[in-house]
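Asker: I need the structure of the sequence given here:
(one chain, ligands or ions: 1)
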Amino acid sequence: MRPDERVSDGRVTDGQVASGGAELSVVRNGHIIDPASGRDGIGDLWFRDGRIIDRPSEDEAKGPSVIDAAGRLVLPGLVDMHAHLCEPGYEYRETLESGAEAAAAGGVTGVACMPDTEPDLDDAPAVRFVRERAAGVPVHIYPIAAVTMGRAGERLTEIGELAGAGAVALSDADRTIRNPAILRRALEYSRMFDLPIIAHCEDPSLSAGGLMHEGRHATRLGLKGIPSIAEETIAARDIMLAEWTGGRLHVTHVSTAVTVGLVRAAKERGVRVTADVSPHHLALTDESLSSYDTYLKINPPLRSRADVDALREGLADGTIDAVASDHTPRSVDEKNTEFQEALPGAVGLETMLSVVHTELIAPGLLTWRDAVLRLSTAPSGILGTEGGSLAVGSPADLFLFDPEGTWTVDPASFKSRSGNTPFAGCVLKGSVTMTVVGGRIVYRCDVPESS
Ligand SMILES: [Zn+2]
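Answerer: Numbers count the residues shown, from 1 in each chain. Have a look, this model is predicted:
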């Protein structure tokens with residue numbers, strides 16, 4: 001975001017600035033919201049050696065680095081369960097480093113990256129490669145490993161070895177596992193390691209050739225539709241297999257009202273199912289495709305107003321556990337082409353919270369407490385990672401958010417290597433002003449006071 005477009009005063013620091021992870025630091029006078037520790041109010045947050053600590057005694061509390069958070073929310077770092085970071089293999093779209101910088105700019109301190117790289121993350125050395133490459137980047141990167149070799153849907157990966165190498169979940173990314181016998185075995189094996197299977201639910205025989213949501217707008221625009229049932233039949237099947245095996249299923253980027261209902265009913269039966277929704281599915285409908293803007297071409301597609309309303313309701317009542325970006329970088333050439341040819345997908349790390357704030361929190365559809373649960377606490381719990389909490393002993397992964405200002409989305413200023421956002425030019429409410437990972441400032445928005 002360009003400083004000249006920011007309406008609010010972007011100053012975030014006062015006095016000494018915490019820069020390293022080791023020294024004693026305090027975030028002063030911010031509004032701390034942390035459901036995990038029950039905090040919700042103005043206060044100070046102390047940390048040292050990369051961890052949250054209790055307020056030290058007067059003697060010990062001398063000379064800390066001070067972060068002035070007056071007028072800011074102080075929140076646990078967001079954890080994004082679904083991002084494509086494209087390395088190895090597609091570095092022209094994104095790298096682990098550029099993706100991590102984009103995450104930091106969005107208040108995201110932990111990112112789970114999908115295995116649809118080149119080569120795929122389908123064996124232990126590939127998972128270790130990502131972990132080693134990610135050791136030096138500004139946020140935590142959690143690799144998701146493939147369920148099947150080459151994500152071809154035929155032969156299971158070595159799930160135990162992948163878990164041992166550090167995979168936090170299993171997924172064939174944006175491919176549905178067509179063969180239910182394979183998914184059954186994946187759910188059974190992953191149970192032993194308590195890893196969730198993250199399912200992209202799409203029956204390719206029903207969605208084949210589709211370019212947008214099947215409905216009256218697709219008819220009017222003359223574009224072949226992707227029917228809701230393409231998602232719902234697979235979601236129903238996968239939930240039944242999870243129920244039958246006792247395995248953990250996570251339905252990602254839920255896009256239809258019926259899928260929300262399937263997840264809600266399954267949870268009532270005690271099925272081990274969780275779900276996430278992407279910010280663009282919460283904010284945009286298929287009506288926006290009237291412009292034939294390829295930046296609105298996304299898979300699953302933007303759905304109807306009724307679907308968006310059901311997704312919002314499902315998020316608010318906890319049926320949908322998490323918001324995940326489905327950050328999918330694409331090059332200009334991959335987007336600036338015929339609608340039929342353009343690759344689907346949108347980047348989202350840098351706009352995720354501001355979109356949720358603008359669309360749901362500011363209008364009163366979602367409380368801040370629930371927003372923190374959906375964007376930080378719950379995804380961290382589903383993946384079994386540290387974070388998602390500002391309780392004493394937790395990692396000092398947090399960020400400051402200015403809820404008052406507005407900014408205009410400008411892809412040219414993104415940290416991401418790709419600018420394929422459906423929100424370009426949109427005015428969003430509230431912005432991330434500082435991000436801290438392991439006690440170290442990894443992002444700050446240095447905007448002159450006069451802006
Ligand atoms: Zn995806």
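Asker: any idea where the helices of this protein begin and end?
Answerer: All helices of the chain, identified by DSSP state H, fall at 96-105, 124-133, 159-165, 180-192, 204-207, 216-221, 229-245, 257-269, 279-283, 305-316, 332-335, 352-356, 368-372, 378-383.
Asker: can I have the fourth one written out in PDB, keeping just the CAs?
Answerer: Included here for helix 180-192 are C-alpha records, laid out as PDB according to Å, rounded to 0.1, in the frame of the first residue of the first chain:
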ATOM      1  CA  PRO A 180     -12.700 -42.900  -2.400                       C
ATOM      2  CA  ALA A 181     -10.700 -46.000  -1.500                       C
ATOM      3  CA  ILE A 182      -7.500 -43.800  -1.600                       C
ATOM      4  CA  LEU A 183      -9.100 -41.200   0.600                       C
ATOM      5  CA  ARG A 184     -10.300 -43.800   3.000                       C
ATOM      6  CA  ARG A 185      -6.800 -45.100   3.500                       C
ATOM      7  CA  ALA A 186      -5.400 -41.600   3.700                       C
ATOM      8  CA  LEU A 187      -7.900 -40.800   6.500                       C
ATOM      9  CA  GLU A 188      -7.000 -44.000   8.300                       C
ATOM     10  CA  TYR A 189      -3.200 -43.600   8.100                       C
ATOM     11  CA  SER A 190      -3.200 -39.800   8.900                       C
ATOM     12  CA  ARG A 191      -5.200 -40.600  12.100                       C
ATOM     13  CA  MET A 192      -2.100 -42.400  13.500                       C
END
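Asker: For the ion, see how far away Leu195 is.
Answerer: 18 Å (Cβ to the ion, to the nearest Å). Bear in mind the C-beta positions are built from the backbone N, C-alpha and C, glycine included.
Asker: burial measure for Val66, as a count.
Answerer: By the measure other Cβ atoms under 10 Å, the count of residues near Val66 is 18.
Asker: got a pLDDT number for the residue in the chain that the ion sits nearest to?
Answerer: Minimum separation of the chain from the ion (Cβ to the ion) falls at Asp326, amounting to 4.4 Å. We note a pLDDT of 98 for Asp326 in this prediction.
Asker: Now do the contacts for it.
Answerer: For Asp326, the contacting residues are His82, Ala83, His84, Thr252, His253, Ser278, His280, Ile298, Gly345, Ala346, Gly348, by Cβ atoms under 8 Å, 6 or more residues apart in numbering.
Asker: so what's the residue nearest to it when sequence neighbours are not counted up against?
Answerer: Counting by Cβ to Cβ, 6 or more residues apart in numbering, Asp326 lies nearest to Ser278, which is 4.4 Å off, once chain neighbours are set aside. By Cβ under 8 Å, 6+ apart, the residues touching Ser278 are His82, His253, Val323, Ala324, Ser325, Asp326, Gly348.
Asker: and those residues, which of them are in strands?
Answerer: Taking DSSP state E, the ones among the contacts of Ser278 that sit in strands are His82, Val323.
Asker: Next, format the contacts of Ser278 as CSV and append distance to Trp46.
Answerer: Compiled in CSV, the contacts of Ser278 are given as follows (distance: Cβ to Cβ, whole Å):
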residue, distance to Trp46
His82, 33
His253, 38
Val323, 29
Ala324, 31
Ser325, 30
Asp326, 35
Gly348, 32
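Asker: returning to what we had before: would you list the helices of the chain in CSV and tack on distance to Gly439 and mean pLDDT?
Answerer: Shown next, in CSV, are these (distance: least, Cβ to Cβ, whole Å; pLDDT from 0 to 100):
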stretch, distance to Gly439, mean pLDDT
helix 96-105, 14, 98
helix 124-133, 21, 98
helix 159-165, 27, 97
helix 180-192, 33, 97
helix 204-207, 45, 98
helix 216-221, 49, 97
helix 229-245, 38, 98
helix 257-269, 36, 98
helix 279-283, 28, 98
helix 305-316, 31, 98
helix 332-335, 38, 97
helix 352-356, 21, 98
helix 368-372, 20, 98
helix 378-383, 18, 98
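Asker: need those helices in a markdown table with distance to Asp116, can you?
Answerer: A markdown table is the format used below for the helices of the chain (distance: least, Cβ to Cβ, whole Å):
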| stretch | distance to Asp116 |
| --- | --- |
| helix 96-105 | 14 |
| helix 124-133 | 12 |
| helix 159-165 | 15 |
| helix 180-192 | 17 |
| helix 204-207 | 15 |
| helix 216-221 | 27 |
| helix 229-245 | 18 |
| helix 257-269 | 22 |
| helix 279-283 | 19 |
| helix 305-316 | 24 |
| helix 332-335 | 14 |
| helix 352-356 | 20 |
| helix 368-372 | 29 |
| helix 378-383 | 18 |
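Asker: So which of the ones you listed is nearest Ala70?
Answerer: Among the helices of the chain, the nearest to Ala70 by Cβ to Cβ is helix 368-372 (17.4 Å).
Asker: Send me the closest one as PDB with only the CA atoms.
Answerer: The C-alpha coordinates for helix 368-372 follow below in PDB (Å, rounded to 0.1, in the frame of the first residue of the first chain):
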ATOM      1  CA  TRP A 368     -13.200  -9.000  17.100                       C
ATOM      2  CA  ARG A 369     -13.000 -11.900  19.500                       C
ATOM      3  CA  ASP A 370     -14.500 -14.300  17.000                       C
ATOM      4  CA  ALA A 371     -12.400 -12.900  14.200                       C
ATOM      5  CA  VAL A 372      -9.200 -13.600  16.200                       C
END
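Asker: I'd like the distance from it to the chain centre, please.
Answerer: For helix 368-372, the separation from the chain centroid amounts to 15 Å (computed by Cα atoms, centre = their mean, to the nearest Å).
Asker: buried residues in it?
Answerer: Judged by neighbour count using 16 or more other Cβ atoms under 10 Å, the buried positions of helix 368-372 are Trp368, Asp370, Ala371, Val372.
Asker: Need the contact partners of that helix.
Answerer: 33-35, 40, 73, 75-76, 316, 318, 353, 356-357, 360-361.
Asker: Pull up the residues of the chain that are close to the ion.
Answerer: Proximity of the chain to the ion (Cβ under 5 Å from the ion) is limited to residues Asp174, Asp326.
Asker: show me where pLDDT drops low in the chain?
Answerer: For the chain, the stretches flagged by pLDDT under 70 are 1-21, 446-451.
Asker: contacting residues around the residue of it positioned farthest from its centre?
Answerer: Taking Cα atoms, centre = their mean, the residue of the chain most remote from its mean C-alpha position is Asp59, at 41.0 Å. Shown in contact with Asp59 (Cβ under 8 Å, 6+ apart): no residues.
Asker: where's the closest residue in space to Ser325 that isn't next to it in sequence relative to Ala102, distance?
Answerer: Once flanking residues are discounted, Ser325 sits nearest to Gly348: 3.5 Å by Cβ to Cβ, 6+ apart. Applying Cβ to Cβ, to the nearest Å, the value for Gly348 to Ala102 is 9 Å.
Asker: same thing with Phe193?
Answerer: Applying Cβ to Cβ to Phe193 and Ala102 gives a distance of 30 Å.
Asker: quick one, which of those two is more surrounded?
Answerer: Taking neighbours as other Cβ under 10 Å, Phe193 and Ala102 compare with Ala102 leading, 29 against 14.
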